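*Asks:* I'll drop the sequence and a predicted model, then ask my questions.
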Amino acid sequence: MITLAPAASAVPPALALSGLPVPPSATAASYALARAAEPGDLAAARAQMGFSLAWHIVLACLGVGLPLLTLGVEWLGLRTGDPSCRLLARRWARALGVLFAVGAVSGTILSFEMGLLWPGLMGRYGQVIGLPFAMEGIAFFIEAIFLGIYLYAWDRLPGRLHLLTGVPIVVAGVASAFFVVCANAWMNQPRGVRLSHGTHGRVVHVDPWAAMFNPAAPPQTTHMILAALMVAAFLTCSVYAVALLRGRRDRYHRLGFAVPFALGALVAPAQIVVGDWAARFLADYQPVKLAAMEGVAHTGSHVPLTLGGVADPDGLRYGLEIPNGLSLLVGYRPGTVVQGLDTVRPAYRPPVTAVHWAFDLMVAAGFFLLALGAWLTAVRLRQRRRHRRTGRRTRWPFEGRGARLFLALCAVAGPAAVVALEGGWTVTEEGRQPWVVWGLLSVRDAVNPAPGLLAGLWLVLAVYAVLTAATVYVLRRLVRDEPVPVAPQDADPEAYRVV
């Protein structure tokens, strides 16, 4: 529960008339301080944070999904004795170590940016979101410790015991994602904080568990964890799809494609269902964000679903409309009333075109990945029936009609998963604008008013350019220095040193 008390000093009239709860930071004093931040510095702070998050989140997803894939092929290798599985596990583990190290660097940069760029957020509400961040830190250290054991004990522990040392890596990776997204969910649905009366909204009581397990946490955390699995799975399978297109049709590359693709194809339908749940949640709890996602200008019933288009004051223009589509999706009937952007003043509306297109890209990429899984499933079922009738077996998608087209589409499945991920986070963050904490703290009140933030943006861009180049270089060296045998034998996995 949030208790808001009126501030002692005057609030800017435009904010007071907005129809939204008055942020306690929006008193005359804090408003004057916020205005000290130059528009260029505010834009630089937002760009720096957005770029850092967009870069780090891809590595974070690999940190959630790649350990699961690595343990999966290691388990298959132990169960079947297949040297290709065992070699895949070793090579993926080595890449996992590199990506974890780079992700630790980018995550550290983000932690500093939270305090340096947004002191209004961390100074006022740091105690509220401190619990999930602290628990994420514990999960990170557990993941780091067991990753070290897993990598260095590869040839020093029995196979099954070594496999068990990898289980905490998977659990801790998922836990890290859960706790971080709980903190972000609180920014969308703040709970568990009481603000004092007459002291400019000072936080006087915090219920950290209520804050962490806010109403937005279940749909957001589930949506993010499934997205992480999809990004890791489709990025990995796209690498092997390219190798298959180049003629590497041996068992090693077939397994390297099939295992992650199977995970991505299994998760994709669940993600579509969870995405629908998340959108319905917004209809009840953040209707302004849903209105921006769908470009709904005016509250009403029989609202169409619009694909594409450009926003104007009356809604979306030049888009493809599906009559009654949005009302049906929100309430299962055409007469469902959907709240529009007209429920808030223009100054407190998100950027509709950006949010709408980010949402459409996310949905399009998600259904593209779903279609790939459905295509492979349909063909394999048809071939299984044909095999029962004729005894002929085709190793589709590695050979047969349409296989090359399918592999070419799978080669772009990894980038498509990243597009869906970035689009989803754009919707989450841009759809909350102009708020950092929904209805309580605006971006302008949260930003650091000190000058020179633009210089920090250029510095961070340079650092990430070096990180990107170094990561690509190291991963390519891992592949080129020890090429994969055409037909791995039992001696090949043991000869491949993980560290």
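*Replies:* Nice, thanks for sending it over. Numbers count the residues shown, from 1 in each chain.
*Asks:* tell me how many other residues crowd the residue lying closest to residue 89 once chain neighbours are set aside.
*Replies:* Nearest residue to residue 89, sequence neighbours excluded (CB to CB, 6 or more residues apart in numbering): residue 74, at 3.8 Å. Quick note: C-beta positions are derived from backbone N, CA and C, even for glycine. Neighbour count of residue 74, defined by other CB atoms under 10 Å: 24.
*Asks:* my guess is residue 74 contacts residue 85. True?
*Replies:* Yes: counting by CB atoms under 8 Å, residue 74 touches residue 85, with 7.3 Å between them.
*Asks:* which secondary structure element is home to the closest residue to residue 430 other than its chain neighbours?
*Replies:* Setting aside the residues directly before and after it, residue 430 is nearest to residue 355 in space (CB to CB, 6+ apart), at 5.1 Å. In this assignment (DSSP states H and E), residue 355 forms part of helix 352-390.
*Asks:* pull out the buried positions in that helix.
*Replies:* 352, 354-366, 368-370, 372-373, 375-376, 379, 383 (16 or more other CB atoms under 10 Å).
*Asks:* the residue nearest to residue 430 against residue 428, yeah?
*Replies:* No: if you go by CB under 8 Å, residue 355 and residue 428 don't touch, sitting 9.6 Å apart.
*Asks:* sorry, back to before: which strand or helix spans the residue nearest to residue 89?
*Replies:* helix 39-80.
*Asks:* centre of the chain to that helix, how far?
*Replies:* Between the centre of helix 39-80 and the centre of its chain there are 8 Å (CA atoms, centre = their mean, to the nearest Å).
*Asks:* also stretch 424-431?
*Replies:* 10 Å.
*Asks:* who touches it?
*Replies:* 50, 53-54, 57, 184, 188, 220, 223, 227, 286, 289, 292-293, 350-351, 354-355, 358-359, 362 (CB atoms under 8 Å, 6 or more residues apart in numbering).
*Asks:* show me what contacts residue 338?
*Replies:* So residue 338 contacts 283, 287, 290-291, 294, 296, 299-301, 303, 326-327, 330 (CB under 8 Å, 6+ apart).
*Asks:* find me the pLDDT at residue 108, would you?
*Replies:* At residue 108 the predicted local confidence, pLDDT, stands at 90.
*Asks:* please point out which parts of the helix or strand hosting it sit buried.
*Replies:* Per DSSP H and E: residue 108 is located in helix 83-117. Buried residues in helix 83-117, counted by 16+ other CB under 10 Å: 83-97, 99-100, 102-103, 106-107, 109-110, 113-114, 117.
*Asks:* show me what that helix is packed up against.
*Replies:* If you count contacts as 3 or more CB pairs under 8 Å, 6 or more residues apart in numbering; DSSP states H and E, helix 83-117 packs onto helix 39-80, helix 119-152, helix 251-285, helix 453-481, helix 491-495.
*Asks:* chain center to that helix: distance?
*Replies:* On CA atoms, centre = their mean, the centre of helix 83-117 falls 16 Å from that of its chain.
*Asks:* measure how it sits relative to helix 39-80, angle-wise.
*Replies:* Interaxial angle of helix 83-117 relative to helix 39-80 (axes from the mean of the first three to the mean of the last three CA atoms, to 10 degrees): 160 degrees.
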